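>>> Dropping a prediction and its sequence here:
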Amino acid sequence: MRAIPATRGPRGAPPPPPPLAALLQSNALLDDAALAGATPLRADVLVLGGGGAGAAAALAAAGAGRQVILATKLRMGDSNTVMAEGGIQAAIGPEDSLQHHFDDTLRGGHNSADPHLVKQLVTDGPAVIRWLIGLGMHFDLEKEAGLGARLLRKKAGGTTVPRILSHRDVTGLEMMRVLREAVELHPRITVMNRCPAVELLSDDAGACVGAVLYDLEHRRFLLLRSPAVILATGGSGRLHLGGFPTSNHYGATADGLVLAYRMGARLRDLDSFQYHPTGVAWPAPLAGGLISEAVRSAGAWLVNGHGQRFVDELLARDIVAAAILREIAEGRGVTRGGRVGVFLDTPGLLARQPDLLETRLTGLKHLAHKAGFDPRREPFLVAPTLHYQNGGAVIDPQGETTIPGLYAAGEVSGGVHGRNRLMGNALLEIISFGRRAGAHAAARPVAAYSRGGIEHVHRWQRALAAAGLPRAPRAPLLYPDYAPFSLRQHAAA
Ligand SMILES: Cc1cc2nc3c(=O)[nH]c(=O)nc-3n(C[C@H](O)[C@H](O)[C@H](O)COP(=O)(O)OP(=O)(O)OC[C@H]3O[C@@H](n4cnc5c(N)ncnc54)[C@H](O)[C@@H]3O)c2cc1C
């Protein structure tokens with residue numbers, strides 16, 4: 001059991017940002033008394049999280065004949081996945097190859113990704129697209145001379161060939177539509193909405209054997225025993241690290257990292273987060289919301305307060321975001337309503353390609369409508385927004401963490417992208433590794449059921465005391481710290 005000292009991360013790695021470090025070092029939400037009254041349940045495979053990774057994992061495990069429970073904090077599909085816009089990468093074009101995809105991904109992550117995981121990711125790409133089409137997902141098509149239609153491929157920042165497949169600029173919505181349908185119709189999957197995981201269960205050997213859920217509707221704890229638990233709880237944008245706004249959904253509060261770490265799982269790259277270059281900077285109510293990379297991919301320029309382009313818009317995200325922050329810091333930004341940013345030149349783009357708004361950039365059209373202006377006449381003011389958790393739980397190519405019985409897939413895991421993610425690789429990751437984790441978890445012997453409990457929490461509390469750390473605050477957070485929610489008060493009411 002390791003608590004992170006304030007000045008140094010695990011194994012000498014750079015430390016996580018202080019608010020995340022504080023959460024990782026925090027005390028558990030529950031104690032033995034809460035467990036004593038908990039309602040017992042069982043599953044062959046327990047999936048935590050109702051986004052893309054959780055859905056893919058549940059479908060794979062159920063497809064292998066297991067009884068699956070998918071428990072999620074909000075409702076099935078309320079997630080970052082449903083908000084994804086630009087698209088998904090897969091090397092399917094004639095000018096592309098798995099090697100190109102592998103090289104681009106490693107380079108985009110500054111050679112810090114785990115090459116075994118990257119190999120698995122890119123190799124799975126074409127099969128993932130076939131699987132999604134089989135579920136009924138629609139992708140944008142283009143005409144091919146003499147051959148009818150083929151999947152439209154677009155270029156993403158940091159890639160050498162066009163490899164992004166999309167459904168307009170609402171790809172995640174379309175993906176989640178088919179995943180949710182498949183999950184909810186599957187006879188071996190039970191979905192438990194509004195039942196966040198508040199702790200994992202461990203056995204005497206330190207394996208993960210289930211989780212404690214809190215049923216928000218009935219205000220009761222559930223003791224869910226399972227020989228395999230898949231963490232698919234997503235990211236941590238709602239921690240607003242560095243004081244940035246975020247593109248993330250309300251439930252992105254790092255719960256999976258907290259639960260895995262308390263049980264002793266290794267985590268990696270926890271100091272590394274992606275700030276998407278084009279978050280809305282103004283109007284204030286929309287601040288942090290995303291303007292998809294699809295807009296830059298279609299040819300929109302970034303322009304500073306002097307009317308100059310200052311960066312190649314299709315470089316990797318971290319480079320473009322840093323360039324915007326430099327323009328702002330050096331006084332070449334644009335201020336509107338007290339918010340500073342640079343312009344995303346949608347009038348220029350839409351003058352060059354007038355039909356884009358109706359055909360491919362429908363998300364942008366809706367956003368402009370909400371903002372109350374015409375993007376053909378006015379540019380968006382943009383600035384970087386906290387977008388993606390690069391690091392997370394260390395996994396092997398089957399999605400297993402360093403704790404037996406505990407799997408992780410999607411944004412909660414680390415190593416697939418290293419310290420920077422290319423656009424489109426997250427949507428590929430959640431299906432590729434979600435399915436891998438689900439299939440591998442399904443292969444665990446069901447006989448491995450054990451009583452399990454929260455002995456790891458007791459050890460953790462002793463470690464906190466020995467390190468002189470306070471027994472408050474408590475985590476997982478479950479909701480952003482500006483939400484009026486306290487589990488203890490809720491459960492006591
Ligand atoms: C606005 C936006 C646009 C994006 N666009 C793209 C794109 O074009 N291409 C791309 O590749 N990637 C994109 N991404 C990134 C990508 O969408 C996400 O990284 C990915 O979908 C994460 O999937 P996930 O299943 O790991 O997590 P999520 O989809 O976030 O799902 C996590 C789930 O876990 C649940 N949960 C959280 N805590 C608990 C708990 N304690 N107990 C139980 N359940 C819990 C949540 O409620 C949620 O249902 C985008 C992200 C955002 C925010």
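Noted; the coordinates are in hand. Numbering: from 1, shown residues only.

>>> quick one, helices of the stretch 201-350 of the chain?
Under the criterion DSSP state H, counting those that start in this stretch, the stretch 201-350 of the chain carries helices at the ranges 255-263, 293-297, 317-329, 346-352.

>>> For the ligand, find the nearest of the ones you listed.
helix 255-263 (3.5 Å; Cβ to the nearest ligand atom). Every C-beta, even on glycine, is put in place using the N, C-alpha and C of the backbone.

>>> what helices or strands is the closest one leaning on?
helix 18-24, strand 197-202, strand 229-231, strand 267-268, strand 392-394, strand 406-408, helix 455-466 (3 or more Cβ pairs under 8 Å, 6 or more residues apart in numbering; DSSP states H and E).

>>> May I see the ones you listed organised as TSV, with mean neighbour count added?
Below are the helices and strands packed on helix 255-263 laid out as TSV (neighbours: other Cβ atoms under 10 Å):
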stretch	mean neighbour count
helix 18-24	18
strand 197-202	26
strand 229-231	34
strand 267-268	24
strand 392-394	26
strand 406-408	30
helix 455-466	16
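
>>> coming back round to it: now the helices of the stretch 201-350 of the chain as TSV including distance to Ser97 and mean neighbour count?
Shown next, in TSV, are these (distance: least, Cβ to Cβ, whole Å; neighbours: other Cβ atoms under 10 Å):
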stretch	distance to Ser97	mean neighbour count
helix 255-263	34	27
helix 293-297	21	26
helix 317-329	23	20
helix 346-352	31	17
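
>>> Least confident of those helices, on average?
Mean pLDDT per stretch puts helix 293-297 lowest among the helices of the stretch 201-350 of the chain, at a mean of 89.

>>> three-state assignment of the residue nearest to the spatial centre of the chain?
Geometric centre of the chain, nearest residue: Glu411, 3.5 Å, by Cα atoms, centre = their mean. Secondary structure assignment for Glu411 (DSSP: H, G, I helix; E, B strand; the rest coil): helix.

>>> what sits against the nearest residue to it once chain neighbours are set aside?
Excluding the flanking residues, the one nearest Glu411 by Cβ to Cβ, 6 or more residues apart in numbering is Gly235, at 4.1 Å. Gly235 sits next to 80, 248, 252, 254, 388-389, 411-412 when contact means Cβ atoms under 8 Å, 6 or more residues apart in numbering.

>>> Now His387: closest residue in space that isn't a chain neighbour?
Counting by Cβ to Cβ, 6+ apart, His387 lies nearest to His276, which is 3.7 Å off, once chain neighbours are set aside.

>>> who does the one you found bridge with?
Going by DSSP bridges, His276 is paired in beta bridges with Thr385.

>>> Am I right that it is in contact with Asp318?
No - the pair His276 / Asp318 is not scored as a contact, 9.9 Å apart, by Cβ atoms under 8 Å.

>>> hang on, the earlier thing: Arg360 is nearest to which of the helices of the stretch 201-350 of the chain?
Closest to Arg360 of those, according to Cβ to Cβ: helix 293-297, at 7.0 Å.

>>> what does the helix or strand Glu181 falls within contact?
Following DSSP states H and E, one finds Glu181 within helix 171-185. Contacts to helix 171-185, defined as Cβ under 8 Å, 6+ apart, come from residues 51-52, 55-56, 58-59, 70, 76-77, 79-88, 132, 135-138, 165, 167, 189, 191, 427.

>>> If we use 7 Å, what do you get?
Outside helix 171-185, the residues within contact range by Cβ atoms under 7 Å, 6 or more residues apart in numbering are 52, 55-56, 58-59, 70, 76-77, 81-88, 132, 135-138, 167, 189, 191, 427.

>>> hang on, the earlier thing: the residue nearest to His387: neighbouring residues, count only.
26 (other Cβ atoms under 10 Å).

>>> Okay, and the beta partners of Phe380?
With DSSP bridges as the rule, Phe380 is bridged to Leu344.

>>> In this structure it contacts Leu344, no?
Yes - with contacts counted by Cβ atoms under 7 Å, Phe380 reaches Leu344, the gap being 4.5 Å.
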